[in-house]
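Novice: got a sequence here, can you build the structure:
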Amino acid sequence: MIRTALLAAVSLAVLAAPALAQSRGSGDTAGQERVMQILRRTPLIDGHNDLPWALRQGFGNDPYRVDLATNLAATTRLHTDIPRLRAGGVGAQFWSVYVPASLEPVEAAKATFEQIDTVKRIAAAYPAVFEIATTADDISRIHKAGRIASLIGMEGGYSIDDSLGLLREFYDSGARYMTLTHSRTTTWADSATDAPKWGGLSPFGEQVVKEMNRIGMMVDLSHVSEETMTDAIRVSTAPVIFSHSSARAVTAHPRNVSDAVLRLMPANGGVVMVTFVPGFISEAVRASGAARSAEMSRLSALNPGDPDAVKAGMAAFVAANPAPKASIDDVVAHIQHVRDVAGIDHVGLGGDFDGVDSLPEGVESVEAYPRILAELMRRGWSEADIRKLAGENLLRTMRAVERAATAQRGERPNLAQLPNDGPPA
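Specialist: Numbers count the residues shown, from 1 in each chain. Prediction:
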């Protein structure tokens with residue numbers, strides 16, 4: 001009871017944090033306050049935050065081992081805590097329940113359920129601040145009550161262990177989107193950053209998408225190959241999302257979304273939630289990272305069995321080739337490009353906070369959203385545009401996915417299984 005009372009007091013205090021944060025912020029203070037007024041009426045919905053994994057890696061998977069009710073910027077490497085979420089105007093957060101693609105599928109399934117448990121324990125630890133949401137109406141209700149709607153997004157289709165039954169169990173546990181792949185191609189879908197096996201989705205992969213439609217789980221196409229994107233859009237009877245992707249025409253990373261796919265968004269009804277990962281939003285950062293990887297490969301080949309020589313060589317390379325920095329302008333450029341090509345109804349925000357080692361200058365934590373949105377308004381975006389970007393587009397997409405599932409409520413669960421013959425030679 002004492003802890004609950006204290007947390008309630010903390011919650012009331014941090015509700016005032018956005019206004020206080022503006023005096024500590026940089027740039028257009030008046031514009032940021034105007035943004036905060038918009039976000040009091042419209043929930044800012046971020047599509048992807050890896051705090052659960054950061055807690056697993058750094059704090060024993062225990063939300064009580066770090067005080068999320070305090071600003072942790074000076075004492076931890078975390079990008080996320082309650083004061084900074086409030087300062088950022090975040091009204092709803094999809095917490096990623098990521099597990100590595102290197103895990104065996106059955107271990108990935110176990111770890112994903114554990115990550116779902118972590119999200120629920122975060123919400124239980126701070127009940128005056130967070131509340132679990134599973135529907136678009138939940139998001140609106142929780143935001144109006146002054147709390148942060150907490151949703152669950154799975155990252156990596158390997159977690160279902162090729163089982164549509166497990167997919168349904170994840171949905172019943174609260175997961176409301178699944179990213180079809182992560183960094184590796186799965187047994188039924190090609191990744192953007194691995195060798196293709198299927199030319200997109202396999203026949204079983206198509207069944208996965210159809211069953212996600214039937215149960216009301218959003219199909220997330222971040223991390224997948226372009227062929228997988230187009231296959232999923234073709235197969236899906238509901239809008240798709242990209243929970244944390246940017247524009248390939250601006251930064252030529254294969255993880256980003258091409259203009260050809262962006263042009264499919266109006267007919268599909270989905271939303272591309274722009275991410276802030278430096279290597280995905282800055283061509284200079286992407287090229288620098290590629291050069292470092294190439295140099296590491298070269299030094300490793302030249303110095304087999306001599307890690308000290310490789311380390312010294314890399315230190316010299318880094319000193320001679322300092323890494324460039326991404327900036328808030330890079331973030332804005334991607335948001336603007338997605339709007340220009342896909343349209344204002346199909347752009348959103350998916351920061352990937354606590355899932356990356358570095359962030360753009362001016363976008364160092366979850367408190368950055370008012371700065372980003374104020375800069376867009378300075379460049380001519382209207383309040384109606386900001387509301388769509390912040391949350392209305394995702395709410396519309398989520399409601400469409402829910403309607404598609406309602407229309408299929410009478411259909412039996414899909415019992416398709418992965419064939420035993422494996423991928424094509």
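
Novice: report the contact partners of the spatially most central residue of the chain.
Specialist: Nearest to the mean C-alpha position of the chain, by C-alpha atoms, centre = their mean, lies residue 48 at 2.2 Å. The neighbourhood of residue 48, defined by C-beta atoms under 8 Å, 6 or more residues apart in numbering, consists of 94, 96, 153, 155, 222, 243-244, 273, 275, 350-352, 355. (Glycine included, C-beta is placed from N, CA and C.)

Novice: next: residue 259.
Specialist: By C-beta under 8 Å, 6+ apart, the residues touching residue 259 are 247-249, 341.

Novice: what about it, distance to residue 338?
Specialist: Distance of residue 259 to residue 338, given as C-beta to C-beta, to the nearest Å: 10 Å.

Novice: quick one, strands of the chain?
Specialist: Using DSSP state E, the strands of the chain run over residues 44-49, 90-98, 130-132, 148-155, 175-179, 218-220, 241-242, 271-274, 347-349.

Novice: partners of the fourth one in the sheet?
Specialist: Which is strand 148-155. strand 90-98 (parallel), strand 130-132 (parallel), strand 175-179 (parallel) (DSSP bridges).

Novice: from these, which stretch is densest packed?
Specialist: Most buried of these by mean neighbour count (mean count of other C-beta atoms under 10 Å) is strand 90-98; its value is a mean of 27.

Novice: what's the angle from that one to strand 44-49?
Specialist: Inter-element angle recorded for strand 90-98 and strand 44-49: 10 degrees (by axes from the mean of the first three to the mean of the last three C-alpha atoms, to 10 degrees).

Novice: quick check: mean pLDDT of strand 90-98?
Specialist: Per-region confidence: strand 90-98 scores 98 on mean pLDDT.

Novice: just to revisit the earlier point, in JSON lines: the contacts of residue 48, plus distance to residue 63.
Specialist: Formatted as JSON lines, those follow (distance: C-beta to C-beta, whole Å):
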{"residue": "94", "distance to residue 63": "17"}
{"residue": "96", "distance to residue 63": "15"}
{"residue": "153", "distance to residue 63": "18"}
{"residue": "155", "distance to residue 63": "19"}
{"residue": "222", "distance to residue 63": "25"}
{"residue": "243", "distance to residue 63": "22"}
{"residue": "244", "distance to residue 63": "22"}
{"residue": "273", "distance to residue 63": "25"}
{"residue": "275", "distance to residue 63": "24"}
{"residue": "350", "distance to residue 63": "22"}
{"residue": "351", "distance to residue 63": "20"}
{"residue": "352", "distance to residue 63": "20"}
{"residue": "355", "distance to residue 63": "17"}
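
Novice: what about the residues you listed, which one has the most neighbours?
Specialist: Neighbour counts for the contacts of residue 48 peak at residue 244, which has 34 neighbours (criterion: other C-beta atoms under 10 Å).

Novice: make CSV out of the strands of the chain and add distance to residue 366.
Specialist: CSV is the format used below for the strands of the chain (distance: least, C-beta to C-beta, whole Å):
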stretch, distance to residue 366
strand 44-49, 7
strand 90-98, 6
strand 130-132, 13
strand 148-155, 10
strand 175-179, 19
strand 218-220, 20
strand 241-242, 19
strand 271-274, 14
strand 347-349, 11
